[in-house]
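# I would like to see how this sequence folds:
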Amino acid sequence: MLRWSFDLALIGYRRVSTYDQKLDRQDLGDIDQLFEEKESGSDRTRPALREMLTYVRAGDEVLVWSIDRLARDFRDLQDIVTQITDKGAGIKFLSEGLAFKSGGDDPFAKLQLHMMGAFAEFELALIRKRQADGIAKAQKRGVYKGGKRRIDREKVVALRTEGLGPSAIAEQMGVSRMSIYRILSEPTAG
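Residues are numbered from 1 along each chain as shown. Just a heads-up that it's a prediction; the model follows:
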């Protein structure tokens, strides 16, 4: 995406973890450019995030609904905020009411960022523990099926033959694009 250096932008970033969650619940108001994705926050290679970080220029402002929509651990959060502010741009987290600017040396804002990042990390650890506990209980009852969900390879190939792209197939089937690419690259997939 081509941008002139003097075009200042209000940029939005929205993320949900699963395909059944709604992005529009994260209302960012009027923005010039929006980057959205349905990816896990713990995945560091999120395409829309990478694209947004490349797009940001000095003077821009990035709006994110909540810290946990941007990163799930403090190291990633700090890295992303630093990448944005090092470019001379700012970032605002609307639900927490936090803002960080280039050259901003506000010790209170830094403390809040550290605390919020620690809470996001703690929350993720709790989610994983509850998930593991739930799986263990289900296994004891004999109802946990476990394992990865099987993808209907014939359906993937049929949808591709109909002209659908890998992204559309992935969205329709509720799986990742990488899973679709992997199936399509198999010798038997054609």
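
# can you pull the buried residues of the strand or helix carrying Leu126?
Here Leu126 sits within helix 107-141, counting by DSSP states H and E. Neighbour-count burial for helix 107-141, counted by 16 or more other Cβ atoms under 10 Å, picks out Gln112, Leu113, Met116, Gly117, Ala120, Glu121, Leu124. Heads up, the C-betas are built off the backbone N, CA and C, glycines and all.

# before we move on, what SS does the residue lying closest to the last one once chain neighbours are set aside have?
Taking Cβ to Cβ, 6 or more residues apart in numbering as the measure, Leu124 lies nearest to Arg72, with 4.8 Å between them; neighbours along the chain are not counted. Secondary structure state of Arg72, per DSSP: H, G, I helix; E, B strand; the rest coil, is coil.

# give me the number of residues near Arg72?
Neighbourhood size, Arg72 [other Cβ atoms under 10 Å]: 22.

# Model confidence for it, exactly?
Predicted confidence (pLDDT) for Arg72: 70.

# One more: the one 3 residues further on?
Taken from the predicted model, the pLDDT recorded for Arg75 is 81.

# Same check on Gly103?
Reported pLDDT for Gly103: 69.

# what sits against Gln33?
Residues counted as contacts of Gln33 (Cβ atoms under 8 Å, 6 or more residues apart in numbering) are Ala9, Leu10, Ile11, Gly12, Tyr55.

# Follow the chain on from the helix holding Leu126 and name the next helix or strand.
Next along the chain after helix 107-141, taking DSSP H and E as the criterion, comes helix 153-161.

# follow-up on the earlier one: tell me which of the buried residues of helix 107-141 is nearest to Asp76?
Nearest to Asp76 among these is Gly117, at 8.6 Å by Cβ to Cβ.

# got the contact list for that closest one?
Residues near Gly117 by Cβ under 8 Å, 6+ apart: Ile67, Ala71, Asp73, Phe74, Leu77, Gln78.

# If we use 7 Å, what do you get?
Gly117 is in contact with Ile67, Phe74, Leu77, Gln78, counting by Cβ atoms under 7 Å, 6 or more residues apart in numbering.
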